[in-house]
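**Student:** Sequence first, predicted coordinates after that:
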Amino acid sequence: MDRRGMVAMKRRSYDQCLRCGKTVMYGRSVCKECNPAGLPEPSPAQYHAIVFAAVLVTLAVLGVLAFVLR
């Protein structure tokens, strides 16, 4: 394997902290600075689900307001 392939493999074996963007080990979602107490970390899928739910709730509230204020 050439050097370029090794660098690409190394990059894929790390993730980014969801809060600050620092490089963290694969499978971790938050760095030690953002989680100093070592609390259980949510998975990246949980963060995406929370954002998705917030978008759905916002759309529902806007829909109800549009219907009521019409």
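**Tutor:** Received the coordinates, thanks. Numbers count the residues shown, from 1 in each chain.
**Student:** mind checking how far Ala37 is from Ala53?
**Tutor:** Per Cβ to Cβ, to the nearest Å, Ala37 is found 26 Å from Ala53. Using the backbone N, CA and C atoms, a C-beta is placed for each residue, glycine as well.
**Student:** Of the two, which one has the most company?
**Tutor:** Ala53 (10 against 5; other Cβ atoms under 10 Å).
**Student:** how close does that one get to Ser29?
**Tutor:** Relative to Ser29, and taking Cβ to Cβ, Ala53 is found at 18 Å.
**Student:** tell me which element Thr58 falls in.
**Tutor:** helix 44-68 (DSSP states H and E).
**Student:** Leu24 - how many residues pack around it?
**Tutor:** No, residue 24 isn't Leu; it's Val. 20.
**Student:** who's in contact with it?
**Tutor:** 14-17, 30-31 (Cβ atoms under 8 Å, 6 or more residues apart in numbering).
**Student:** so which one among the residues you listed has the lowest pLDDT?
**Tutor:** Across those, the smallest pLDDT goes to Tyr14, namely 71.
**Student:** Poorly predicted segments of this structure, please.
**Tutor:** By pLDDT under 70, the weakly predicted segments of the chain are 1-13, 44.
**Student:** just how off-centre is stretch 53-70 within its chain?
**Tutor:** Relative to its parent chain, stretch 53-70 has a centroid offset of 25 Å by Cα atoms, centre = their mean, to the nearest Å.
**Student:** For it, output the C-alpha coordinates as PDB.
**Tutor:** Extracted in PDB, the C-alpha atoms of stretch 53-70 (Å, rounded to 0.1, in the frame of the first residue of the first chain):
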ATOM      1  CA  ALA A  53     -37.500  15.900  15.300                       C
ATOM      2  CA  ALA A  54     -37.000  19.700  15.900                       C
ATOM      3  CA  VAL A  55     -37.500  20.400  12.200                       C
ATOM      4  CA  LEU A  56     -40.700  18.300  12.200                       C
ATOM      5  CA  VAL A  57     -42.100  20.000  15.300                       C
ATOM      6  CA  THR A  58     -41.300  23.400  13.800                       C
ATOM      7  CA  LEU A  59     -43.100  22.500  10.600                       C
ATOM      8  CA  ALA A  60     -46.100  21.200  12.500                       C
ATOM      9  CA  VAL A  61     -46.300  24.400  14.600                       C
ATOM     10  CA  LEU A  62     -46.000  26.600  11.500                       C
ATOM     11  CA  GLY A  63     -48.700  24.500   9.800                       C
ATOM     12  CA  VAL A  64     -51.100  24.900  12.800                       C
ATOM     13  CA  LEU A  65     -50.400  28.700  13.000                       C
ATOM     14  CA  ALA A  66     -51.100  29.100   9.300                       C
ATOM     15  CA  PHE A  67     -54.300  27.200   9.600                       C
ATOM     16  CA  VAL A  68     -55.500  29.200  12.700                       C
ATOM     17  CA  LEU A  69     -54.400  32.600  11.500                       C
ATOM     18  CA  ARG A  70     -56.000  32.200   8.100                       C
END
